[in-house]
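Engineer: how would this look folded up:
(2 chains)
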Amino acid sequence: MSWLHLIVLAPFLATVFIPVIHKAFPKLHIGWAVLPLPIALLISLLSQIGKVSSHVSVEASMPWIPSYGIYFDVYLDGLSMLFALLITGIGTLVVLYSIYYLDKHKERLQAFYVYLLLFMGAMLGVVLSDNLMLLYMFWETTSLASFLLIAYWTQREKSRYGAQKSMLITVFGGMAMFAGFILLYVMGGTFSIRGLVEQAPHIAGDPLFIPALVLVLLGAFTKSAQFPFHIWLPDAMEAPTPVSAYLHSATMVKAGLYLVARMTPIFAGQAEWFWLVAGFGLFTLLWGSFSAVKQTDLKSILAFSTVSQLGLIMSLLGVGSLAVLYDAADERLFYAAVLAAVFHLFNHATFKGALFMVAGIVDHETGTRDIRKLGGLMSLMPITFTIAVVGGLSMAGLPPFNGFLSKEMFFTGMLKVLEADVFALETWGILFPIIAVVASVFTFVYSLMLVMRTFLGKLQPEKLEKKPHEAPIGMLIPPIVLASLVLLVGFYPNLIAHSLLEPAVSAILPNLLAPGDHFETHISFWHGWTAELFMTMGVVAVGLLLVLTLRRWVSLYDHLPQRLTLNRLYDGMLLGLQRGSSKGTEAYMSGSLRTYLIYIFLFFILVIGGSLAFIQPTLQASGYAPLAAYEWLLGLILAGAAAAIVLVSSRMSAILAAGAVGYMVSLYFVILRAPDLALTQLVVETVSVALFLLCFYHLPKLRRDMNRVRFQSVNFLIAIGVGAIITILTLAVQGVRPFDSISDYFIANAHDEAGGDNVVNVILVDFRGFDTMLEILVLGIAAIGIYALIKLRLGGDYREHQ
Amino acid sequence: MNINDVILRTATKVITFIILAFSLYLFFAGHNNPGGGFIGGLVTASALVLMYLAFDLESMKKAIPVNYITMTAVGLLIAVATGLGSFLFGAPFLSHTFDYFDLPLFGEKTELATAVLFDLGVYLTVVGITMTIILAIGEDQS
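Structural biologist: Model prediction:
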């Protein structure tokens, strides 16, 4: 347990106190109680920035399941520092914003903040873990927390739809990633990321390498909403706006970028990695910006814009991976792309966070987010307007904002591709700058459209639900902070260049550095009359033309085929899956316990009986201990009780006879000196007989058709079959013993290592305690299931509700 | 069931306490003798079932006002927390330890093991689960 572990675990621990605080201070807006936590985390992270920017990483290790190579290892280097600061910094602002955004009288605030903290902790866990299994655990926790947050307004059908969609897509990717991680473990023999980086040259030629690469990228692409998996992100906008600002622009969707950056030292240098990352990134950039222009909802525009910007950063990471291919002389050629990626990542978090908050303010104060109804808000909401201008122009890539700088660097990166002479880039490379410019034109158009149609033009008060006015100060402070960062970084980019960006780049490309060496970064505001600047001027010229003529050509989007969209495909697949599985289920789930038992026993007879016939075991009929007279007697009673179950006509007597069988078996345990088993068996019999009696009390009397010959003969055959196979199995087991018994180990070590003399109990609670823990967990789930089935039963037949 | 069974009820009043005491004994003896959280929990549950059978549900709830679902949750939490607790000492998940102490009343060299805490979680969970299921079915009137 160390400081770094605490950073990850603190949000999880804090969730425990939220319901308590809510009960103790019902009048308090819980956001105020949550707010100190991200601030404290931010400050403690900032205190380490000196260490990290001088390229020393902070590490801490803790064994978790060492026998499987799973350690709770965390480390803080340049890349994780950048992300951790975004998570805690924007987290602080979002919590402050949400205090004013969410009404404490109308909303379930305690649930909201529990989910938000859960998310914050999981996200910190993702970026700080060194162990792949740990990373995977936190990764899926972010999916789970995001599901809960998107579905926060559970009464809205669209929220539930969006939540399910994001969950299905991101968890699908997460599972693929999990498989990829296991392949990496198979190849490299360790779950440690740094360990795998060291192994990278050895595993590159492995036949499993490409499958692992593709699987890991599936995880990254689904999380970062890359085409064609981007369809969940616009629907995720049903979440409350603070959530959209936090998860869907600043943090969670960037987890995929984080993963690609983190995995670059392992996979970079492969043609497949370059083409997949850069290709999907570029296409997503183009598709996202193209689709954003036709949206009419403020948050939808921002959602598609996020998709597009994530594609931009992804393509930069792809191009940056070329750096690994070149030797020492040229290595700095492509590292510019990686620098642009981390720089834009930071910038995007600032301006997009601010814009989402602006969208939330507009929604909150006017009651709508439809840009066809909005307009002319400039004079009524001057502060919000200013923030929107700063954010919007930064997103459009105009000076003097930070988006301009990173966009110039993005163009630099794309132009550098022309200089590469690998992976057929001599011919295909020209596409990179072309797509970059086209996408930037669309980006320019929707950025300006967003600001102009909301704040300029004519006010249409009759279409608004509320009388618009400026937002309360608490809702304005967070976007003001972000907008100031946009300006500050725009004018003084070197503020973060040395302390944040350089260490992050070094963490992404560690193999290029000699020990003690690091990259030199200098971002200048004016970089001369370069090709990049002319590209920007072209983008602005064409973009302005398109914005001014927007009304004439935007109707062109209506001619696009509506039937062939990815959303239709997704909905169709989901519907098909539901229909198919319900048909499959209905085919065998008849609702009769007897049918299920027949399936189970038939399966048992076929599989076990079949394999017994196949291996033809030797049956041992001799060499057993002699039975004493009283043991014979017990056996006879047992057999008699078993026969009675079948023969008696009343259900009650059958239950009692079944209990008698159980008691006889436990008597055998006593005789054969297994007191623990005997005790357990006795009590289980007692309790289950009582339970059976209670259950059957509710059931109708035995039906007459149960006495029919056909019914009984099927039962008879199955019973004989199961009994015969069990008998053969028991006889066969005696003759085979391929391994030494493990019980000697437990008997020898129970006293010394666990301090207990009862080996059975020591195994249960100590040696195999994890089994026991999961067993009681399963029992608990079963109990809740039974409780829910009986207590929360829907009135009448379930099918009537369909 | 409206049978007025005086003998059963009178006997139950005494026997329940004997069974409960025995279950506590089983729980604590488990480390060195037959017993443990699982068996102890089941024995406790059987004592409660006996009460339920001899009396009715209302009087049993009045005598032991416990929410068994909460009890299950508390049991699971204790079990998981003992696992996490080992992290505080830098040991892997679910590591147990034990030592001998000189305690008043219990005598010298009394063994205290963290496994007992885990077992307590098992005990509470087993009682909670069994009673949740039995009461859910028993209370059902439809």
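
Engineer: measure the most centrally placed residue in chain B to residue A:760 for me?
Structural biologist: Nearest residue to the geometric centre of chain B (C-alpha atoms, centre = their mean): residue B:41, 3.8 Å. Residue B:41 is 15 Å from residue A:760, where distance means C-beta to C-beta, to the nearest Å. (Each C-beta comes from the backbone N, C-alpha and C, glycine too.)

Engineer: Equivalent analysis for residue A:222, please.
Structural biologist: 46 Å.

Engineer: These two: who's more crowded?
Structural biologist: Set residue A:222 next to residue A:760 and count neighbours by other C-beta atoms under 10 Å in any protein chain shown: residue A:222 wins out with 26 against 21.

Engineer: how many neighbours does the nearest residue to residue A:420 once chain neighbours are set aside have?
Structural biologist: Take residue A:420 and drop its neighbours on the chain: the residue closest to it by C-beta to C-beta, 6 or more residues apart in numbering or on different chains is residue A:322, 5.6 Å away. Applying the criterion other C-beta under 10 Å, we find 26 residues in the vicinity of residue A:322.

Engineer: So what's the residue count around residue B:78?
Structural biologist: As a burial measure, residue B:78 scores 19 neighbours (other C-beta under 10 Å).

Engineer: host element of it?
Structural biologist: With secondary structure defined by DSSP states H and E, residue B:78 is part of helix B:68-88.

Engineer: on contacts alone, who are the packing partners of that helix?
Structural biologist: helix A:769-791, helix B:115-139 (3 or more C-beta pairs under 8 Å, 6 or more residues apart in numbering or on different chains; DSSP states H and E).

Engineer: want to try TSV for those, with distance to residue A:253 and mean pLDDT as columns?
Structural biologist: Conversion of the helices and strands packed on helix B:68-88 to TSV gives the following (distance: least, C-beta to C-beta, whole Å; pLDDT from 0 to 100):
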stretch	distance to residue A:253	mean pLDDT
helix A:769-791	32	90
helix B:115-139	39	89
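
Engineer: Looking at those helices, which is nearest to residue A:364?
Structural biologist: In terms of C-beta to C-beta, the element of the helices and strands packed on helix B:68-88 nearest to residue A:364 is helix A:769-791, at 37.8 Å.

Engineer: quick one: contacts of that closest one?
Structural biologist: Defining contact as C-beta atoms under 8 Å, 6 or more residues apart in numbering or on different chains, one finds that helix A:769-791 is touched by A:764-765, B:69, B:72-73, B:75-76, B:79-80, B:83, B:93-94, B:96, B:115, B:118, B:121-122, B:125-126, B:128-129, B:132-133, B:136-137, B:140.

Engineer: Buried ones among these?
Structural biologist: A:764-765, B:69, B:72-73, B:75-76, B:79-80, B:83, B:93-94, B:96, B:115, B:118, B:121-122, B:125-126, B:128-129, B:132-133, B:136-137 (16 or more other C-beta atoms under 10 Å in any protein chain shown).

Engineer: quick one, longest helix in chain A?
Structural biologist: Selection of the longest helix in chain A by residue count, based on DSSP state H, yields helix A:332-366.

Engineer: chain center to that one: distance?
Structural biologist: Centroid displacement of helix A:332-366 relative to its chain, using C-alpha atoms, centre = their mean, to the nearest Å, is 22 Å.

Engineer: tell me what the very next helix or strand once past it is packed against?
Structural biologist: Later in the chain than helix A:332-366, the nearest helix or strand by DSSP H and E is helix A:382-396. In this structure, helix A:382-396 packs against helix A:332-366, helix A:402-416, helix A:431-455, helix A:473-491, with contacts taken as 3+ C-beta pairs under 8 Å, 6+ apart.

Engineer: could I have stretch A:474-487 exported to PDB, CA atoms only?
Structural biologist: These are the backbone C-alpha positions of stretch A:474-487, laid out as PDB (Å, rounded to 0.1, in the frame of the first residue of the first chain):
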ATOM      1  CA  GLY A 474     -21.000  28.300 -10.300                       C
ATOM      2  CA  MET A 475     -21.900  26.900 -13.700                       C
ATOM      3  CA  LEU A 476     -19.800  29.400 -15.500                       C
ATOM      4  CA  ILE A 477     -16.600  29.000 -13.500                       C
ATOM      5  CA  PRO A 478     -15.600  25.600 -14.800                       C
ATOM      6  CA  PRO A 479     -15.900  26.500 -18.500                       C
ATOM      7  CA  ILE A 480     -14.200  29.800 -17.800                       C
ATOM      8  CA  VAL A 481     -11.300  27.900 -16.300                       C
ATOM      9  CA  LEU A 482     -11.100  25.600 -19.300                       C
ATOM     10  CA  ALA A 483     -11.400  28.600 -21.800                       C
ATOM     11  CA  SER A 484      -8.600  30.400 -20.000                       C
ATOM     12  CA  LEU A 485      -6.500  27.300 -20.400                       C
ATOM     13  CA  VAL A 486      -7.300  27.300 -24.100                       C
ATOM     14  CA  LEU A 487      -6.000  30.900 -24.300                       C
END
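
Engineer: buried set for it?
Structural biologist: By neighbour count, and taking 16+ other C-beta under 10 Å as the criterion, the buried residues in stretch A:474-487 are A:475, A:476, A:478, A:479, A:480, A:481, A:482, A:483, A:485, A:486.

Engineer: And for it, what's in contact with it?
Structural biologist: Around stretch A:474-487, the neighbours that count as contacts under C-beta under 8 Å, 6+ apart are A:90, A:93-94, A:96-97, A:99-101, A:347, A:350-351, A:353-354, A:357-358, A:360-361, A:364, A:383-384, A:386-387, A:390-391, A:394, A:400-403, A:470.

Engineer: Among those, name the buried ones.
Structural biologist: Buried, going by 16+ other C-beta under 10 Å: A:90, A:93-94, A:96-97, A:99-101, A:347, A:350-351, A:353-354, A:357-358, A:360-361, A:364, A:383-384, A:386-387, A:390-391, A:394, A:401-403, A:470, out of the contacts of stretch A:474-487.

Engineer: Distance check, the nearest residue to residue A:203 once chain neighbours are set aside against residue A:68.
Structural biologist: Distances taken as C-beta to C-beta, 6+ apart put residue A:187 closest to residue A:203, at 4.2 Å, once the chain neighbours are dropped. Computed as C-beta to C-beta, the residue A:187 to residue A:68 distance reads 17 Å.

Engineer: what about those two, which has more around it?
Structural biologist: Comparing residue A:187 with residue A:68 by neighbour count (other C-beta under 10 Å), the higher total belongs to residue A:187, at 20 against 10.

Engineer: my guess is that one contacts residue A:212, does it?
Structural biologist: Yes - applying C-beta atoms under 8 Å, one finds residue A:187 in contact with residue A:212, separated by 7.0 Å.

Engineer: show me where pLDDT drops low in the stretch 601-750 of chain A?
Structural biologist: A:700-707 (pLDDT under 70).

Engineer: Would you mind listing what in it touches chain B?
Structural biologist: With C-beta under 8 Å from any C-beta of the partner chain as the criterion, the stretch 601-750 of chain A comes near chain B at residues A:675-676, A:679-680, A:683-684, A:686-687, A:690-691, A:694-695, A:698.

Engineer: Thank you kindly, that will do.
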